[in-house]
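A.B. asks: Make a model of this:
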Amino acid sequence: MFAEKPTLKGERVTLCPVRPEHAEGLFELASDPEVRRLTGSRARFDLENLRTWYATRAGHADRLDLAITVDGEFVGEVVLNELDTDNLSCNLRIALIGPRAFGRGYGSEAIGLVLDHAFRTTPLHRVRLEVFGFNERARHVYEKAGFVVEGVERDALLWDGEWHDVVVMAILRPEWQARTGTLA
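C.D. replies: A predicted model of the protein is given here:
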């Protein structure tokens, strides 16, 4: 379903297929303590493994990995993964590189671009995501994009000795169509 790896252009951001040259930006993103907390990521990565990872993404038709760039500079990634072709659904994951990318609208624009692509060019019916209860900034962005809270997984993340909920959200094709006035 995601065999084509497009470049999507917005007003401020460009989403392009991830390539090995984006690995340094991903390494910075994955190493930032605040980004790690916001994503619940405990994994440690090295630059060569990330280069290999990004070099292999183009060969996966079951996912779409896009670098978020501003004026050619990597500021994050947005990914459609966990494709369920039987139920026409997938997961959305997004991460920005940190304070220099937070609060500038890059995430909102990237989400809008990737949803537009997903619902216009694929038969997807549902895109879901998870966000930690403490990440109000991200939850606001998701709600603004049309995602609806579907449930809460209580105490699903133990981080620095504290339990946190995971909020499950999704947007359905008809909701996206109503928001955008699109008949896809």
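
A.B. asks: For this protein, which segments are assigned as helices?
C.D. replies: Here the chain has its helices, by DSSP state H, at 23-31, 33-39, 47-56, 106-121, 136-144, 173-180.

A.B. asks: Glu4 is nearest to which of those helices?
C.D. replies: Closest of the helices of the chain to Glu4 is helix 106-121, at 7.6 Å (criterion: C-beta to C-beta). For glycine as for every other residue, the C-beta is placed from the backbone atoms N, C-alpha and C.

A.B. asks: what would the helices of the chain look like in JSON lines with distance to Leu92 and mean pLDDT?
C.D. replies: Formatted as JSON lines, these follow (distance: least, C-beta to C-beta, whole Å; pLDDT from 0 to 100):
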{"stretch": "helix 23-31", "distance to Leu92": "17", "mean pLDDT": "91"}
{"stretch": "helix 33-39", "distance to Leu92": "13", "mean pLDDT": "90"}
{"stretch": "helix 47-56", "distance to Leu92": "18", "mean pLDDT": "90"}
{"stretch": "helix 106-121", "distance to Leu92": "7", "mean pLDDT": "97"}
{"stretch": "helix 136-144", "distance to Leu92": "9", "mean pLDDT": "95"}
{"stretch": "helix 173-180", "distance to Leu92": "12", "mean pLDDT": "95"}
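
A.B. asks: any chance of those helices in a markdown table, plus distance to Glu82 and mean neighbour count?
C.D. replies: Listed next are these as a markdown table, based on distance: least, C-beta to C-beta, whole Å; neighbours: other C-beta atoms under 10 Å:
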| stretch | distance to Glu82 | mean neighbour count |
| --- | --- | --- |
| helix 23-31 | 19 | 19 |
| helix 33-39 | 15 | 16 |
| helix 47-56 | 16 | 15 |
| helix 106-121 | 13 | 20 |
| helix 136-144 | 17 | 16 |
| helix 173-180 | 17 | 15 |
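
A.B. asks: For those, give me CSV that also has distance to Asn91.
C.D. replies: Converted to CSV, the helices of the chain look like this (distance: least, C-beta to C-beta, whole Å):
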stretch, distance to Asn91
helix 23-31, 18
helix 33-39, 13
helix 47-56, 17
helix 106-121, 11
helix 136-144, 13
helix 173-180, 16
